[in-house]
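1. No letters, just coordinates:
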């Protein structure tokens with residue numbers, strides 16, 4: 001009985017952690033809709049999640065920290081634009097992400113671009129705010145750079 005109780009507590013705790021996690025959109029049209037509704041800019045995270053060492057490091061040191069979680073909920077709509085080598089993706093997501101990579105002129109990973117957008121004639125029209133990538137110094141240093149970019153909007 002005691003083991004069952006412990007298992008239930010662990011399971012409930014893991015659901016709580018997941019519930020507190022951030023929602024990363026992968027569909028740009030949905031992200032634009034949320035961005036316009038909430039009046040928050042989008043944080044577009046261009047990443048190679050399963051092969052890019054700096055992307056993985058940025059995730060670990062910044063994007064998965066409590067400091068970033070609190071900041072992101074208040075300031076941005078999160079959009080992950082992934083270019084994996086081993087993880088399968090739908091053709092629609094691949095096409096969307098490749099188009100966005102070209103539209104923003106992304107040449108290296110990780111790149112984080114802050115932008116707003118409107119849908120005009122069925123296509124997104126973006127207004128860039130600024131960009132960054134990996135910043136040494138953990139979440140405090142990275143968030144200082146991000147706040148500086150967002151102040152210019």
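-> Looks like it came in fine. The model shown is predicted, which means the values in this text are computed figures rather than measured ones. Numbers count the residues shown, from 1 in each chain.

2. Run a quick neighbour tally on residue 132.
-> By the criterion of other CB atoms under 10 Å, residue 132 has 17 neighbours. (Each C-beta comes from the backbone N, C-alpha and C, glycine too.)

3. what phi and what psi does the backbone show at it?
-> When read as degrees, to the nearest 10, the backbone of residue 132 gives phi -150, psi -180.

4. The closest residue to residue 111 other than its chain neighbours bridge partners, please.
-> Excluding its sequence neighbours, the residue lying closest to residue 111 (CB to CB, 6 or more residues apart in numbering) is residue 46, at 4.4 Å. Taking DSSP bridges as the rule, residue 46 bridges to residue 81, residue 111.

5. ok, residue 46 - contacts?
-> If a contact means CB atoms under 8 Å, 6 or more residues apart in numbering, then residue 46 has 81, 83, 100-101, 104, 106, 109-113 as its contacts.

6. List the buried residues of stretch 25-43.
-> Within stretch 25-43, the residues that count as buried by 16 or more other CB atoms under 10 Å are 25, 28, 31-32, 34-35, 40-43.

7. now, the most widely separated pair of these?
-> Greatest spatial distance in these: 28 and 40, 15.0 Å, computed using CB to CB.

8. Strands along this structure, start to end?
-> Ranges of strands within the chain are 24-25, 42-47, 77-82, 111-120, 123-132, based on DSSP state E.

9. what is the rounded mean pLDDT of the first one?
-> Okay, so that is strand 24-25. If you average the pLDDT over strand 24-25, you get 98.

10. Tell me the gap between it and the middle of its chain.
-> 6 Å (CA atoms, centre = their mean, to the nearest Å).

11. Pull the residues that contact it.
-> Contacts of strand 24-25 (CB under 8 Å, 6+ apart): 31, 34, 45, 77-80.

12. what's the farthest-apart pair in those?
-> So, these by CB to CB: farthest apart are 34 and 45, at 15.1 Å.

13. Around residue 98, count how many other residues there are.
-> 12.

14. Report the separation between residue 152 and residue 141.
-> Distance of residue 152 to residue 141, given as CB to CB, to the nearest Å: 18 Å.

15. Could you pull up the contacting residues of residue 96?
-> Each residue near residue 96 by CB under 8 Å, 6+ apart is listed here: 27-28, 81.

16. Which single one of these is nearest to residue 119?
-> residue 28 (9.9 Å).
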